[in-house]
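> the sequence and its predicted three-dimensional model are supplied below.
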Amino acid sequence: MNKELVSGGLYRQYLAKQMIPHTIELTESWLESGSKVIIGCCYNEELQTIQEHFGDKCVVYHGGMSAKQKDKAQEEFTNNPDCKVFISNIISGGVGITLISSNVLIMNSFDFILSSLIQFLDRNFRVGQRQHVYTYIQLFNNTYCEHVYNKVIKKSLVINKIIRDEKNK
């Protein structure tokens, strides 16, 4: 069992690394249209690789940062027109921040835990958002990640059937 868990984690990291060129290409196309882009990552290595590509045009947001550093990154992305890309770890960037200066969110990799994924996807779906929001969850066909993503979506559908709205929980 432990061997399967370790190999599964390594496989997810491998797929995340393979997705980076696609994420960069998609991000660049949105930047050309004038949009700001949020990129979600599960692993620090992918976050750092994407950061190296975008350099001064981006900020990062991850669990190893202090609260002041995180606030500064969020403020820089929100208020600096030259800061076009917000690259975040899904867990640390999934709670307590609003990024409505962006209308594009690209998942380089995604969390297999539904609540973490939904929390992160909602960062630019906030009060005050006035633009159409575009969200990309990239998958390689016929991979374990595609299989798990389909399970996560099915789980979401079941939850939505059970919990119709706030009044009818």
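Received, thanks. Numbers count the residues shown, from 1 in each chain.

> list the buried residues in stretch 76-88.
By neighbour count on 16 or more other C-beta atoms under 10 Å, the buried set for stretch 76-88 is 77-78, 83-88. All C-beta spots, glycine's among them, are computed from the backbone N, C-alpha and C.

> stretch 13-32 too?
Buried-residue list, stretch 13-32, by 16+ other C-beta under 10 Å: 15-16, 19-20, 23-24, 26-27, 30-31.

> quickly list what residue 60 is bridged to.
Applying DSSP bridges to residue 60 gives these bridge partners: residue 87.

> tell me the confidence at it?
On the pLDDT scale, residue 60 is placed at 97.

> any idea how far it is from residue 115?
From residue 60 across to residue 115, the span is 23 Å (C-beta to C-beta, to the nearest Å).

> who has more neighbours, these two?
Counted by other C-beta atoms under 10 Å, residue 60 and residue 115 do not tie: residue 60 has more neighbours, with 24 against 10.

> if I look at the more buried one, how far off is residue 74?
Residue 60 sits 11 Å away from residue 74, taking C-beta to C-beta as the criterion.

> circling back: pLDDT-wise, what's the bottom of the buried residues of stretch 13-32?
Among these, pLDDT bottoms out at residue 15, giving 84.

> in what helix or strand does that residue lie?
Element membership of residue 15, judged by DSSP states H and E, is helix 2-32.

> what's that helix packed up against?
Judged by 3 or more C-beta pairs under 8 Å, 6 or more residues apart in numbering; DSSP states H and E, helix 2-32 is in contact with strand 37-41, helix 44-54, strand 104-107, helix 144-162.

> now the end-to-end length of stretch 125-133.
One end of stretch 125-133 to the other measures 7 Å (C-alpha to C-alpha, to the nearest Å).

> buried residues in that stretch?
Using 16+ other C-beta under 10 Å as the test for burial, stretch 125-133 gives residue 133.

> low-confidence stretches in the chain?
In the predicted model of the chain, residues 1-8, 143-145, 147, 149, 155-169 satisfy pLDDT under 70.
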